[in-house]
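[1] Sequence plus the predicted model coming up.
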Amino acid sequence: MPIPPRERLIVALDLPDVTAAEAMVEKLGDAVSFYKIGFELALAGGIPFAQELARSGKKVFLDLKLHDIANTVKRATERAAELGATFFTVHAFPPTMRAAVEGREKSTLKILAVTVLTSWDDADLVEAGYAHSVKDLVRMRAKQAREIGVDGIVASAAEAADLRKKIGSMLLVTPGIRPAGDAPGDQKRIVTPKDAIRAGSDYLVVGRPVLNAGDPKAAAEAIVAEIAQTLT
Ligand code: C5P
């Protein structure tokens, strides 16, 4: 079944506390049905809040980028499934991905693998002991994720077109989105919603262009409209 355009927008609740997050969710109302919760909010009461969001009918992307021993990853993934999350991230190391896939088992939770953090460059990889360029490592890990049965990949929207060819029907979730004319902030390789969808993204993760807009609901509606228009 095709994903409805509204559900393809995931708003990143990069906010300092639950009060601010609740106010934003209230403001966005039915314009947004999918929210991402990362470390900042998770460490400020965001886990019970994620559970409440899921109970209220919203979808939740828990972006905790897990990487630990297999037993811990598997058990933590089971807990993420129990609390009602829809997406859960792990780093794309094969033992970690296998453990997460085991942990999600028959639940509806989807595991997304983070191939290489987009803030890393080739020099960072050399320093960390890798003999690969970022480009090669992204491709290698995407291939491994597919073989292991991970549900999707998180990658910069700028990499979407290249990855789409390699990952078949896996989900492709892309941050680094900026509507035309918006400030890039610290994102270096930004892509408009239209271009991300054209390149094969399934879901767009958007933070500041919505959170910092004068009218966040209108900003979200405009992105959903652009997605819908691109898909027709
Ligand atoms: O505010 P902005 O739209 O740049 O937020 C993007 C969101 O996507 C943030 O929550 C950020 O942590 C996340 N992200 C990213 N680049 C990645 C992975 C995740 O910007 N490679």
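    Everything's here; your move. Numbers count the residues shown, from 1 in each chain.

[2] Identify the residue spatially nearest to the residue of the chain at minimum distance from the ligand, adjacent ones excluded.
    Nearest residue of the chain to the ligand (CB to the nearest ligand atom) works out as Gly207 at 2.6 Å. Every residue, glycine included, has its C-beta placed from N, CA and C. Of all residues not flanking Gly207 in the chain, Ala12 sits nearest, at 3.7 Å (CB to CB, 6 or more residues apart in numbering).

[3] wouldn't the one you found be in contact with Val205 here?
    Yes. The pair Ala12 and Val205 qualifies as a contact (CB atoms under 8 Å) at a distance of 5.5 Å.

[4] Who has more neighbours out of the two?
    Comparing Ala12 with Val205 by other CB atoms under 10 Å, the one with more neighbours is Val205, at 23 against 20.

[5] In the chain, spot the strand with the most residues.
    If you go by DSSP state E, the chain has its longest strand at strand 59-66.

[6] now the angle between strand 59-66 and the helix or strand immediately after that one in the chain, please.
    Downstream of strand 59-66, the first helix or strand assigned by DSSP states H and E is helix 70-82. On the basis of axes from the mean of the first three to the mean of the last three CA atoms, to 10 degrees, helix 70-82 is oriented at 170 degrees to strand 59-66.

[7] Now do the following helix or strand past helix 70-82, average pLDDT.
    Next helix or strand after helix 70-82 toward the C-terminus (DSSP H and E): strand 87-91. Average pLDDT, strand 87-91: 98.

[8] Which strands border strand 87-91, and is each parallel or antiparallel?
    Paired strands of strand 87-91, with direction, are strand 59-66 (parallel), strand 110-114 (parallel) (DSSP bridges).

[9] now the helices for this structure?
    Ranges of helices in the chain, per DSSP state H, are 18-28, 39-41, 47-55, 70-82, 94-104, 122-127, 134-148, 160-167, 193-198, 208-211, 216-231.

[10] I'd like these as a markdown table, with mean neighbour count and distance to Val114 appended.
    As requested, these are exported to a markdown table (neighbours: other CB atoms under 10 Å; distance: least, CB to CB, whole Å):
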| stretch | mean neighbour count | distance to Val114 |
| --- | --- | --- |
| helix 18-28 | 16 | 22 |
| helix 39-41 | 17 | 13 |
| helix 47-55 | 17 | 19 |
| helix 70-82 | 17 | 13 |
| helix 94-104 | 21 | 10 |
| helix 122-127 | 12 | 14 |
| helix 134-148 | 18 | 9 |
| helix 160-167 | 17 | 13 |
| helix 193-198 | 22 | 17 |
| helix 208-211 | 22 | 20 |
| helix 216-231 | 18 | 23 |
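
[11] Specify the stretch among the strands paired with strand 87-91 that is closest to Val101.
    Val101 lies closest, by CB to CB, to one member of those: strand 110-114, at 5.9 Å.

[12] Output that closest one in PDB, but only the C-alpha positions, please.
    C-alpha atoms of strand 110-114 as PDB (Å, rounded to 0.1, in the frame of the first residue of the first chain):
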ATOM      1  CA  LYS A 110      10.800  -1.300  11.700                       C
ATOM      2  CA  ILE A 111      14.600  -1.300  12.100                       C
ATOM      3  CA  LEU A 112      16.500   1.500  10.300                       C
ATOM      4  CA  ALA A 113      20.300   1.300  10.000                       C
ATOM      5  CA  VAL A 114      22.500   4.400  10.100                       C
END
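
[13] Pull the residues that contact it.
    If you take CB atoms under 8 Å, 6 or more residues apart in numbering as the criterion, strand 110-114 is touched by 61, 65, 77, 86-92, 97, 100-101, 104, 141-142, 145, 150-154, 171, 173.
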